[in-house]
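1. sequence below, structure please.
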Amino acid sequence: MATTEATTATGREGKLKLGLISTHCDWCHSDLIPWGREGVQHIVDRYVEAGIPRLCWRCTDGGTAHYWSKLREPFHGLDADNCHATYFMTPDLGRYWRTDYRTFDSFAAAVELGHEAGLEVYAWCQVDGEDDGFGYKSRRVKKHPELCTVGRDGQRFTGKLGWAYPENREYVIGLLQEVLAYQPNGVILDFVKNRGDYRDRLNDDDGVVYYGYEPPAVQDFKAKTGRDPFQIPNSDPEWLQHRADYMSQFVREARQMQRGVAPETRWIGQVWGGGSTLQFQLLSKEEYKRGGPYYTHESHPVRDLLGGMLEDVAAWMADDAFDVIYPLTAGDTGLLRANMATVKGLSTGRETQVQAGAYVWNIDAEGLGALCQAAMSSGAEEIYLVESQAFEPQLWPAVGQIVREFAG
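-> Numbering: from 1, shown residues only. Here you go, the predicted model:
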């Protein structure tokens, strides 16, 4: 790597290390990148040319895997009921059916070819849902819908596990243990994306988490407090904390596993960094227009990390549950700065680093540069770019320019 330095808004000189997340969309959205090992090599070559030192490889998508998992079915096409056919109206669904990870272990190739090229290789794993939009439902929730969480209205979700069930925590930790067996340099646990079937409501009108009412959680809360969660406000602080504690228990158990089997691997948490949640809603016969989507969406606010997402980041940092935590910001420099400051403010003096993250689908070079500058002015030394447009080869010269400007 070159060592060109950039000066931050605080006057401190430093460098910004970039990690871009690749795969799946690369195959499904571009005819310019070949499928299989040749495609992985193509992506690795672009990283080397642009001077990007860290390849973050997507290992999960909704309820499917992009590697040869024994616990989760490898992706091999969408369910018949899927958002690409009825919401996004994706023109060529055949690309999804031609993408078959039962025949190709993409993460094995990424680790091998990335390391040969001198790159760090990280695994990116969504851990907070078993579907994405809808159409990527996992084998687990299809066979065991009773393990899904329950909403405030008492309705069982269809693609989101309940953290109060111990077997669900064990299952997700098993997935992470599978990924660690590939010996990546780091693992990103994503608590933001792929959060289930978006026809299920995630937040109420005040931005408070709408789910977490599965029977074990309700019964345990009744036993501890004598109160029925269905008879108190959804925003009751004690009930909110009770629900969040189950996720924190998973976080602690996952960290214990990682330290036992791969203590040198960097353990990273990607958390909420602003924005709303969507709920897909089926159009009425009167609203539907021939040839158009069958669904529309309604946005719901998110109050904050704990109340809106059940992410008790303060407790995670106190437990030293991650080496790095970064809030994922949807391409807004103001939000990036604000949410990095928020997460830093939750620190209790432990060694957990707070770095930057941004969702950069459909962003130009100027916007990418502004995000990098905002990250550095906030004291970040790393930025993770989610769904990084790696499938658009014509963007790589601009990406390389940004890397040279901010990272050297």
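
2. what pLDDT does Ala358 get?
-> Predicted confidence (pLDDT) for Ala358: 90.

3. now it: which helix or strand?
-> strand 356-359 (DSSP states H and E).

4. buried set for the next helix or strand after that strand?
-> Sequence order places helix 365-377 as the next helix or strand after strand 356-359, per DSSP H and E. In terms of neighbour count (16 or more other Cβ atoms under 10 Å), helix 365-377 has its buried residues at Gly367, Leu368, Gly369, Ala370, Leu371, Cys372, Gln373, Ala374, Ala375, Met376, Ser377. The C-beta positions use only the backbone N, C-alpha and C, and glycine is treated the same way.

5. follow-up on the earlier one: give me the sheet partners of the strand holding Ala358 and which way each runs.
-> When pairing is defined by DSSP bridges, strand 356-359 lines up against strand 324-329 (parallel), strand 382-386 (parallel).

6. could you dump those to TSV with mean pLDDT and distance to Leu240?
-> As requested, the strands paired with strand 356-359 are exported to TSV (pLDDT from 0 to 100; distance: least, Cβ to Cβ, whole Å):
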stretch	mean pLDDT	distance to Leu240
strand 324-329	95	19
strand 382-386	88	27
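
7. now those in CSV, with mean neighbour count?
-> What follows is the strands paired with strand 356-359, written out as CSV (neighbours: other Cβ atoms under 10 Å):
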stretch, mean neighbour count
strand 324-329, 25
strand 382-386, 25
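
8. of all the ones you listed, which one is nearest Leu113?
-> Comparison of the strands paired with strand 356-359 against Leu113 by Cβ to Cβ identifies strand 382-386 as nearest, at 20.1 Å.

9. tilt between the helix or strand that that closest one is followed by and strand 382-386?
-> For strand 382-386, the following helix or strand on the C-terminal side (DSSP H and E) is helix 396-406. Interaxial angle, helix 396-406 versus strand 382-386 (axes from the mean of the first three to the mean of the last three Cα atoms, to 10 degrees): 160 degrees.

10. one step back: specify which member of the buried residues of helix 365-377 is nearest to Arg46.
-> Closest to Arg46, out of all of those and judged by Cβ to Cβ, is Leu368, at 15.1 Å.

11. is it correct that the closest one is in contact with Val399?
-> Yes. Under the criterion of Cβ atoms under 8 Å, Leu368 makes contact with Val399 at 7.2 Å.

12. one step back: quick one: closest of the strands paired with strand 356-359 to His242.
-> That would be strand 324-329 among those, by Cβ to Cβ, at 22.5 Å.

13. what sits against Ala358?
-> Leu328, Thr329, Ala330, Gly331, Leu336, Leu371, Ala375, Ile383, Tyr384, Leu385, Val386 (Cβ atoms under 8 Å, 6 or more residues apart in numbering).

14. 7 Å instead, please
-> With contact set as Cβ atoms under 7 Å, 6 or more residues apart in numbering, Ala358 has these partners: Thr329, Gly331, Leu336, Leu371, Ile383, Leu385, Val386.

15. need those residues in TSV with distance to Val209, can you?
-> Listed next are these as TSV, based on distance: Cβ to Cβ, whole Å:
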residue	distance to Val209
Thr329	20
Gly331	24
Leu336	23
Leu371	28
Ile383	28
Leu385	27
Val386	22
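
16. ok, those vs Thr90, which is closest?
-> Taking the contacts of Ala358 together and measuring to Thr90 by Cβ to Cβ, the closest member is Val386, at 19.9 Å.

17. for that closest one, give the beta-bridge partners.
-> The partner residues for Val386, given DSSP bridges, come to Tyr359.

18. heads up, I number from 14, so please use that
-> Got it, the first residue is 14 from now on, which makes the last one we talked about Val399.

19. that one is in contact with Ser35, isn't it?
-> No. When contacts are counted by Cβ atoms under 7 Å, Val399 is not listed as touching Ser35 (10.6 Å).

20. then the strand holding Ala371 to CSV, C-alphas only?
-> C-alpha atoms of strand 369-372 as CSV (Å, rounded to 0.1, in the frame of the first residue of the first chain):
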residue,chain,number,x,y,z
ALA,A,369,-17.6,4.5,10.3
GLY,A,370,-20.0,2.7,8.0
ALA,A,371,-22.1,3.8,5.1
TYR,A,372,-24.7,2.3,2.7
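
21. isn't Lys357 right up against Val367?
-> Yes. Shown here, Lys357 and Val367 form a contact pair, counting by Cβ under 7 Å, at 4.9 Å.

22. higher neighbour count, those two?
-> Taking other Cβ atoms under 10 Å, Lys357 and Val367 do not tie; Val367 has more neighbours (23 against 15).

23. with adjacent residues omitted, what lies nearest to Val412?
-> Ala63 (5.2 Å; Cβ to Cβ, 6 or more residues apart in numbering).

24. next, count neighbours for the one you found.
-> Count around Ala63 with other Cβ under 10 Å applied: 22.

25. now do the contacts for it.
-> So Ala63 contacts Trp409, Val412, Gly413, Val416 (Cβ under 7 Å, 6+ apart).

26. switch to 10 Å and redo it
-> Going by Cβ atoms under 10 Å, 6 or more residues apart in numbering, Ala63 touches 31, 33, 403, 408-417, 420.

27. just flag the most distant two among these.
-> For the contacts of Ala63, and using Cβ to Cβ, no pair is farther apart than Ala403 and Arg417, which are 17.7 Å apart.
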